[in-house]
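# One predicted model, sequence on top.
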Amino acid sequence: MPVPLIDFRWYHAVNDQHKLDNVLASSAKHTQLHAIEADIIYSEAKGQSVMGHPPQVDGELTLALLLQQLNEANFQSTSMTDTDANILKLDFKSMKALQASIHDVENYLKDLPHQLHQHVWINADILAGPGGKGEDMQPKFDSVEFIQLLTSETSLMKSTTLSIGWTTSLTDIHAPYTMDMIDEMLTLLRSYPCKNITFPIRATSVLTSWEALRKLYDNNVDENKRWTLTLWWSLTSEQHKMTKDAMNRIHSLLESDYQSILPNRTFYDLVNFSPP
């Protein structure tokens, strides 16, 4: 039986050797770990992509070494089905980091059964989203260039999952995704043959954005495509934490009506989340 999306368990920020060792140990013990997320920046000092999150400008663990160790441990290829393989989410922080990583990612994909390529996610914030108009809100990617690069017929990465979203700000963690933001994304995608897509959405904005976010579900009801949403939130301070009530309301909204198209189309990458 496939693991329901709501039951996927995530390991965040696998950006150093210690965290990678923990992931590999958990995977070897077949514990409940279904997905890992790792951040990639470009190191000018090393001249290659490394693991790290801005404002970092360098890191000890290179992307090439991370992928090599995941490959050697069969982190994803222990499963030969396209329904229960682990997810590897590579969160690129700049176009330069992505371009410098293509060779390493494609080498990793060559050793992975083709039906599992969709479980490698290429993540980037390619459009401006909720939270203000400051410089930090400007995407580090040209959205068209990003999509064209990853859907090119000559690229092995065309069979991965695009995890494409919007920049956000902590100025107002409940600021909504607007209809214009959603329409901009849907208009962009109409021109490209994207089969596997997940939209990373800040969970604290779901309830204030529902009318707009609903369009992401409604615009993809083709069973031959795999469009999902991935709700994310990791802050736990008193000022920023999500309440249990908010999590339950989101769960009820998305998962309770089994007659609708919504259930089992959302990943929950949320700290302290457990289904009611």
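Done, it's in.

# surely Met179 meets Glu211?
Yes: in this structure Met179 lies within contact range of Glu211 using Cβ atoms under 8 Å: 7.3 Å. C-betas here are computed from N, CA, C, even on glycine.

# Please identify which helix or strand holds Ile164.
According to DSSP states H and E, Ile164 maps onto strand 161-166.

# Show me which residues of the one helix or strand Ile147 maps to are buried.
Element membership for Ile147, per DSSP H and E: helix 143-151. Applying a neighbour-count criterion of 16 or more other Cβ atoms under 10 Å, one finds Ser143, Phe146, Ile147, Leu149, Leu150, Thr151 buried in helix 143-151.

# How about stretch 51-62?
For stretch 51-62, by 16+ other Cβ under 10 Å, it's Met51, Gly52, Gly59, Leu61, Thr62.

# ditto for stretch 175-192
Those would be Ala175, Pro176, Tyr177, Met181, Ile182, Glu184, Met185, Leu188, Leu189, for stretch 175-192 by 16+ other Cβ under 10 Å.

# Likewise for stretch 251-258?
So, applying 16+ other Cβ under 10 Å, buried residues of stretch 251-258: His251, Leu253, Leu254, Glu255.

# can you check stretch 228-237 too?
Buried-residue list, stretch 228-237, by 16+ other Cβ under 10 Å: Thr228, Leu229, Thr230, Leu231, Trp232, Trp233, Ser234.

# Next: stretch 89-105.
For stretch 89-105, by 16+ other Cβ under 10 Å, it's 89-95, 97-98, 100-101, 104-105.

# from the residues you listed, which ones fall inside helices?
Met95, Ala97, Leu98, Asp104, Val105 (DSSP state H).

# Excluding chain neighbours, give the residue nearest to the fourth one in space.
Nearest residue to Asp104, sequence neighbours excluded (Cβ to Cβ, 6 or more residues apart in numbering): Ala64, at 4.6 Å.

# Now do the contacts for that neighbour.
Contacts for Ala64 (Cβ atoms under 8 Å, 6 or more residues apart in numbering) come out as Gln48, Ser49, Asp104.

# Name the helix or strand for the second one, please.
Assigning secondary structure by DSSP H and E places Ser49 in strand 48-51.

# Tell me how far that strand lies from the chain's centre.
18 Å (Cα atoms, centre = their mean, to the nearest Å).

# Would you map the helices across the chain?
Going by DSSP H, the chain shows helices at 17-28, 63-72, 95-99, 102-110, 143-151, 179-189, 206-218, 244-255.

# For my notes, please list those in TSV and give mean pLDDT for each entry.
Converted to TSV, the helices of the chain look like this (pLDDT from 0 to 100):
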stretch	mean pLDDT
helix 17-28	93
helix 63-72	98
helix 95-99	98
helix 102-110	98
helix 143-151	96
helix 179-189	96
helix 206-218	95
helix 244-255	95
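
# Can I get those helices in TSV including distance to Asp84?
Formatted as TSV, those follow (distance: least, Cβ to Cβ, whole Å):
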stretch	distance to Asp84
helix 17-28	13
helix 63-72	17
helix 95-99	28
helix 102-110	19
helix 143-151	24
helix 179-189	27
helix 206-218	23
helix 244-255	20
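
# Determine which of the ones you listed approaches Thr161 most closely.
Checking the helices of the chain against Thr161 by Cβ to Cβ gives helix 143-151 as the closest, at 9.9 Å.
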